[in-house]
Every structure is written in C-alpha cells, then in structure tokens.
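S.K.: Predicted model and sequence below, questions to follow.
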Amino acid sequence: MATPAPTTDRTVRTAPGPAAVPVDPAVHPAWLPDAALAPLGRRQVAVVVPDGVADALADPVVRTVRAEVTAATAAHGGAAPERADDADVALVLDPGAAGRLGGPEAFEVARAAGRVTVTAGTGAGLLHGFFHLVRGGEPALAGDGDGAVERHAPATTLRMLDHWDNVAVHPAMGQVERGYAGGSIFYADGEVRADLTRVAQYARLLAAAGVNRVAINNVNVHAREARLLTDDLPEVARIAAAFRPYGIRTHLSVSWASPVVLGGLTTSDPLDEDVRAWWRAAAARVWDAIEDFGGFVVKADSEGQPGPFAYGRSHADGANMLAEAVAPHGGLVHWRAFVYNHTQDWRDRGTDRARAAYDHFVPHDGEFADNVVVQVKHGPIDFQVREPVSPTFAAMPRTRLALELQVTQEYTGQQRHAVYLGRPWSQVLGFRFWGDGSPTVADVVAGRGPGADGGTGDGGAGGGAGREGGVAAVSNVGDDRFWTGHPLAQANLYAFGRLAWDPALDPADLLDEWAGLTFPGADRRVREALHAILDESWETYEMYTAPLGVGFMVRPHHHYGPDVDGYEYTPWGTYHFADRDGIGVDRTRATGTGYTGQYPAPWRDVYEDLETCPDELLLFFHHVPYTHVLRSGSTVAQHVYDTRFAGLERVLRTVEAWQAVADLVDPDVAERVTERLAEQVRSATEWRDVLNTYFWRKSGIPDAKGREIY
C-alpha cells in the first residue's frame with residue numbers, strides 16, 4: 001500500500017539568491033502565460049526541504065521550484081509560508097523517496113485535510129510535480145481527499161529534442177535546417193548569443209511539458225559547428241547553464257571526422273589508437289567544462305556525412321569507439337540509424353530505401369555498447385505523412401533503441417499548415433508488432449520489449465540499462481515571436497513532451513490540456529474551435545496531399561508544395577512508380593523488394609497480402625491498377641479525386657471555425673493564425689489540382705462526379 005506523503009511541520013531553508021523566473025515579455029508565453037499559474041499562485045504554497053540535506057539547497061532545480069513558487073504567489077496574491085502546516089500546497093523534498101517512487105523524476109500527490117502534498121526525491125521530481133499542479137489547475141489543487149496517493153513517473157528517462165540549428169547561416173539550409181520559425185534561439189551572427197534569456201524561457205516550457213535533454217546543433221555538422229566541441233566549449237557551457245535550472249541536460253551533435261577537422265589527424269578510423277585517444281581527450285574536456293553534459297549525437301555515413309564505412313568498419317565499431325570515450329563520464333552516444341543509399345539509380349527497382357535501416361543495423365544487434373542508443377526514425381523512409389512503423393524496432397532486442405519523431409513539420413506543412421501530430425505519434429507509440437496484447441513501440445524504447453532483460457545477451461556488448469533508449473524528436477522552435485511560426489504548432493511541441501513522458505495519454509486530451517494552458521480563461525468557444533481545427537488535421541492534410549501511403553510527392557530540396565514526379569527520377573529514391581496502368585511500390589516478398597519480410601508475424605503477412613493490407617498504406621506496399629477497389633468501395637483513382645476535394649473542403653471549414661472565435665483571443669495571435677490559414681487554403685487548392693490532374697492524365701479515368709479537373 002502506498003504511504004501517504006508527509007505533512008509534518010518542516011521549514012523551508014532559504015537557498016541563497018534563487019534566480020528569477022525567465023520571461024521575455026516580447027515573446028509569446030506559449031503554455032505558460034501568467035494566468036496559467038493563477039490557480040496555484042492564489043494559494044499558500046510551501047517548499048519544504050528537510051533539515052540536514054545541505055546538497056538540496058545547492059541544487060539549481062530545487063532553487064527553480066522555489067523561484068517559481070515565489071513568482072506565482074507574488075503575482076496572484078498567495079504566499080509562500082515556511083511551514084508545511086501553514087500551507088494549502090506543500091512541495092516536499094524527501095531524498096529517500098526516489099527509490100520507492102520509481103526514479104529521480106518521479107513524484108507523488110496526496111490530498112487530505114484540505115492540503116495537497118507533492119513529494120519527490122529530487123529537485124527534478126519536485127519540479128515535475130509543480131508543473132503537474134499547474135497543468136491540473138483548480139481541480140488538481142483541491143485538498144479534499146482521504147490521503148490516497150497518486151504516483152507519477154516518466155515512461156522513459158530519455159526524452160530529448162534535437163535542434164538542427166547551425167551556428168553560421170548555411171547557404172542552402174539557412175540557420176535552422178528544416179526550420180520554419182525563424183533563426184536560432186542559440187546562435188546569431190556566427191556565435192552563441194550573448195543574451196540567453198530566451199533559452200532559459202525555452203527550458204522552462206520544455207520542463208513543463210516533460211522534456212529533459214536537448215541537443216543544440218545540427219546533426220549535419222558543418223565546419224563552424226564542429227568547433228562547438230573544442231574552441232566554443234565555454235559558450236556551450238553557458239547554454240548548459242541556461243538549461244540546468246530546469247533539469248535539462250545538454251547534448252552536442254558531433255562530426256565523425258572531428259579528429260581530422262579539429263585534431264589534425266590524418267584518419268578517423270575508429271580502430272586507430274590515436275583517433276580513440278583524441279576522442280577520449282575531447283570527451284574529458286567537455287565533461288570538465290560541463291559536469292552534467294549528456295553526450296553526443298551522431299549522423300554518420302548518411303547523406304554525405306562521414307562515417308566508419310570509409311575505413312571498412314561497421315556502425316557498431318564507430319559507435320562503440322565514441323561510447324568508450326564518454327563512458328567514464330556517464331555519457332551517451334545517440335547514433336542515428338538514418339543510413340541509406342542516396343546515390344541510387346532510379347532505373348533499379350530492386351533498391352528500396354525503406355529496407356535500409358534494418359539492413360544496416362539489425363545484423364549488429366547485440367554488438368553496441370551499453371551506453372549507445374541507436375536512434376530510429378518512426379517510419380522506414382523519412383517522416384512522410386503516412387508510413388508504416390519501422391520494423392527495426394522489432395528486430396534489435398539486444399540494443400537500446402530510441403524512437404525519433406519530427407516535431408518540425410518538414411513534410412506536413414512546414415508550420416504554414418495547421419497539422420496536429422499527436423494522433424500519428426500516439427499510433428506509432430502504441431503499435432504492437434507481435435499482435436494483440438504484445439509489447440508496444442513505447443515498451444520497446446522504454447526497455448520493456450521482448451528479450452529486454454537488461455543483460456548483455458550471448459556475450460555481446462549490447463544491452464544497456466534495461467535496454468531503454470527513450471524518445472527523441474527534431475524541434476520546431478526558432479526565434480519567431482510565437483516560437484513555432486504558426487501559433488497552433490506549439491501544440492505539437494507540447495504534445496511531444498507529454499507523450500514522451502506518458503505514451504498512453506490521449507492526444508485529444510493533450511490538445512485540450514494545451515488549449516487550457518495557452519488560452520486560460522478563454523471563452524469555451526475558443527477551445528471548441530481549436531479542437532475543430534486540430535483534432536483531425538493530420539488526416540485532413542493527408543487527404544489533400546500524398547495518398548494511400550505513397551510519399552515524396554513534394555518539390556525537391558525545400559519539400560513544400562506538390563511535385564508528384566519531383567523525386568521520382570533522382571538519386572534519392574523512387575517512391576511511387578506511376579505508369580499508365582497503376583501506381584505504388586511493390587515491397588512484397590513474392591514479387592517485390594522483400595521489405596514485408598522485415599516484419600514479424602502477423603504484420604509480415606498482413607502487409608504482403610492485398611486483401612489484408614490497410615488501405616491507408618496500400619501504395620507503400622503494393623503496385624496496383626488505378627481501378628483497384630478499396631474497402632470503401634472506391635477505386636484508387638476515384639479515392640484520390642474524392643479525398644483531394646474533401647480535404648480542401650475541410651480546410652475551408654477550419655477557416656470558418658477560426659473566424660468565428662478570432663476576436664476572442666489576442667489580436668496578434670488571431671492575425672498570425674488567420675494569415676497561416678489563408679496560405680493553407682492556397683496550398684491545399686494547389687495540391688488538389690496538381691494531384692487530381694496527375695492521376696487523371698496518367699490513368700485516363702475521369703472523375704465519376706464530373707468535377708473540374710485540369
């Protein structure tokens with residue numbers, strides 16, 4: 001039985017000089033406007049640190065909790081008494097509780113005798129408990145109860161955002177690669193920003209959502225960015241100092257060629273002792289400068305980035321060399337599995353980019369060191385609108401695997417379209433490879449998949465701490481006033497953090513939670529309109545863009561807008577094989593690339609058979625005639641026509657929903673959303689017309705409803 005949280009008379013011992021809560025009034029407050037803290041701030045809130053715990057007073061996260069409480073109560077008429085017995089809400093640090101609560105970030109909440117008591121074993125747990133109360137508002141702060149305890153712990157301890165920010169503006173990709181919200185919050189004019197107030201404010205937003213690690217530079221590490229590992233370490237330490245008070249650890253993306261680029265060596269061979277020594281020294285310098293540094297993120301042998309293949313070595317060889325260097329410091333190596341042939345011959349139907357991650361990495365299962373996390377994109381291609389879940393997650397039980405998502409909307413409207421991604425992420429996290437009742441993807445990346453006993457297995461180096469790999473995602477944040485360009489795209493960043501903490505959360509509930517925090521006290525019609533716009537927005541986007549699981553019908557390079565054949569005859573891959581008779585990629589074992597064979601049963605057979613393959617993934621797995629009849633009763637061609645028209649109609653309805661409530665929100669938010677919705681209408685119209693015309697001209701089959709197709 002759970003032990004009720006203590007409510008004894010203990011005093012708050014004042015930590016010297018708690019930092020002020022970082023808020024730049026020129027920046028939109030996202031889900032932490034001042035009003036969101038009002039329910040808590042109106043109360044008597046005590047932060048309780050037991051006598052004799054001197055380290056707690058020096059913990060920057062404990063100091064942050066105190067600063068948050070002080071600011072909230074000062075702003076809203078409450079108070080911060082020194083004694084728990086004088087408080088409506090007590091935030092209690094109990095260093096001995098971390099074990100029984102389920103880890104250093106866990107906390108418990110008890111309600112009894114008119115008081116709410118949050119107990120945690122660390123400052124990080126206490127901070128998460130604080131934000132739990134903020135999210136819950138008045139209902140969470142009701143002290144009536146019988147002392148029953150509710151416990152909260154993250155599903156995984158690794159919840160990371162990867163920033164694709166460049167220190168120097170890249171001539172093709174700009175300052176933030178695949179960034180749709182302005183420049184970098186970290187860098188300006190080729191240097192780390194002098195004023196990092198906004199980074200601290202970002203840390204606060206992320207902590208409130210559940211993120212605890214951030215990689216601060218692009219995985220495509222250019223020459224200027226490589227120097228973050230050496231010359232710019234003092235500046236990286238400044239960024240880490242901005243994140244630290246909110247319990248967030250800093251990571252760097254590093255170039256595999258660093259020993260050559262930065263160290264003057266003639267090789268980066270992972271088995272060369274001089275190379276290994278260089279990395280050991282580099283890691284030691286990093287941790288000397290940043291004691292709580294998280295580790296390295298690596299993109300190697302991918303899209304032109306250097307890697308161990310140049311020396312005849314495997315990815316396990318490369319990752320383990322770095323793992324050896326960071327292991328004495330407790331560091332991690334996040335090694336991305338995004339490796340494929342990007343110079344392939346489009347004439348060759350046997351080359352299948354979807355197979356690549358599995359083919360490159362599964363043979364090395366069990367070879368990766370305990371502190372290596374292999375980071376796998378959620379689908380086998382590249383963050384397309386609709387993909388099957390990557391089979392790699394089911395095939396490496398002796399390796400720590402992280403799920404990689406993309407919050408930045410590279411292929412889903414680039415934050416010019418309102419597309420809420422909580423629904424597809426939830427589907428990926430909940431996907432069961434081995435049938436009903438089997439472990440989910442969320443279980444696998446939390447180290448609870450089949451065979452995840454925490455041992456190394458068969459004498460191999462792999463295994464890890466319960467084989468937990470966690471969840472990572474590419475951030476969608478820039479120096480735009482609204483953080484994400486489109487104000488409604490903030491919901492994706494929020495939902496990512498919350499789903500990473502608890503994959504079982506309902507995406508619609510998270511949208512409601514985000515709306516309640518971001519627009520506190522707003523007319524209920526605002527929340528209803530946000531649900532009308534966002535609840536099914538991913539499906540709406542799919543309806544007017546690439547159909548039935550086919551991908552890359554976008555304009556090359558910048559990936560915005562329709563270009564059905566844009567990538568079809570390039571070295572990057574072939575994605576739809578449309579001809580006069582049909583469309584789709586044959587990935588079956590019987591007649592195609594054999595990709596379906598990478599899945600365990602039952603999915604290997606479900607996807608193989610036209611009769612059982614889900615319609616929404618039909619063209620991903622099969623090449624079919626335009627006259628093929630879907631389960632809906634429509635042919636492929638008619639489905640395309642109908643859904644393109646219906647998708648645009650849905651967008652027009654979202655515009656009406658927003659227009660009905662625009663005058664109920666801040667004018668600057670209303671103006672930005674209105675402007676973005678107008679662009680979404682224009683773009684959806686273009687997508688409708690281009691896709692419909694392509695299918696009509698390719699198939700020769702007219703629209704059965706006689707609508708205008710060009």
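M.R.: Everything's here; your move.
S.K.: With adjacent residues omitted, what lies nearest to T627?
M.R.: Closest residue in space to T627, ignoring its immediate chain neighbours: T635 at 5.1 Å, by Cβ to Cβ, 6 or more residues apart in numbering. C-beta here means a position set from N, CA and C on the backbone, and glycine is covered the same way.
S.K.: The one you found contacts I701, correct?
M.R.: Yes: under the criterion of Cβ atoms under 8 Å, T635 is in contact with I701, at a separation of 7.4 Å.
S.K.: where do the contact lists of these two overlap?
M.R.: Shared contacts of T635 and I701, defined by Cβ atoms under 8 Å, 6 or more residues apart in numbering, are found at Y626, T627.
S.K.: roughly how far out does stretch 241-259 sit from the chain middle?
M.R.: Distance of stretch 241-259 from the chain centroid (Cα atoms, centre = their mean, to the nearest Å) equals 17 Å.
S.K.: any low-confidence regions in the stretch 1-150 of the chain?
M.R.: 1-19, 52-54 (pLDDT under 70).
S.K.: repeat that for 90
M.R.: 1-24, 50-58, 82-83, 96-99, 113-114, 142-148 (pLDDT under 90).
S.K.: where along it do the helices fall?
M.R.: Ranges of helices in the stretch 1-150 of the chain, per DSSP state H, counting those that start in this stretch, are 38-41, 54-58, 60-76, 98-101, 123-141.
S.K.: what separates the second one from the chain centre, distance-wise?
M.R.: Okay, so that is helix 54-58. Distance, centroid of helix 54-58 to centroid of chain: 32 Å (Cα atoms, centre = their mean).
S.K.: cool, the last one as well?
M.R.: Using Cα atoms, centre = their mean, we find the averaged C-alpha position of helix 123-141 to lie 22 Å away from the chain's own average C-alpha position.
S.K.: cool, and the third one?
M.R.: Counting by Cα atoms, centre = their mean, helix 60-76 is centred 28 Å from the centre of its parent chain.
S.K.: quick one: it to helix 123-141, angle?
M.R.: 30 degrees (axes from the mean of the first three to the mean of the last three Cα atoms, to 10 degrees).
S.K.: What helices and strands are in contact with helix 60-76?
M.R.: When contacts are defined as 3 or more Cβ pairs under 8 Å, 6 or more residues apart in numbering; DSSP states H and E, helix 60-76 sits against helix 38-41, strand 45-48, strand 89-93, helix 123-141.
S.K.: Rebuild those as a markdown table, extending it with mean neighbour count and distance to G594.
M.R.: Converted to a markdown table, the helices and strands packed on helix 60-76 look like this (neighbours: other Cβ atoms under 10 Å; distance: least, Cβ to Cβ, whole Å):
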| stretch | mean neighbour count | distance to G594 |
| --- | --- | --- |
| helix 38-41 | 22 | 56 |
| strand 45-48 | 26 | 59 |
| strand 89-93 | 26 | 56 |
| helix 123-141 | 21 | 45 |
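S.K.: And the residue nearest the centre of the chain?
M.R.: Centrality entry for the chain: nearest residue to the mean C-alpha point is A473, 2.8 Å, by Cα atoms, centre = their mean.
S.K.: residues in contact with it?
M.R.: A473 makes contacts with M160, L161, D162, E404, L405, Q406, V407, F496, A500, as judged by Cβ under 8 Å, 6+ apart.
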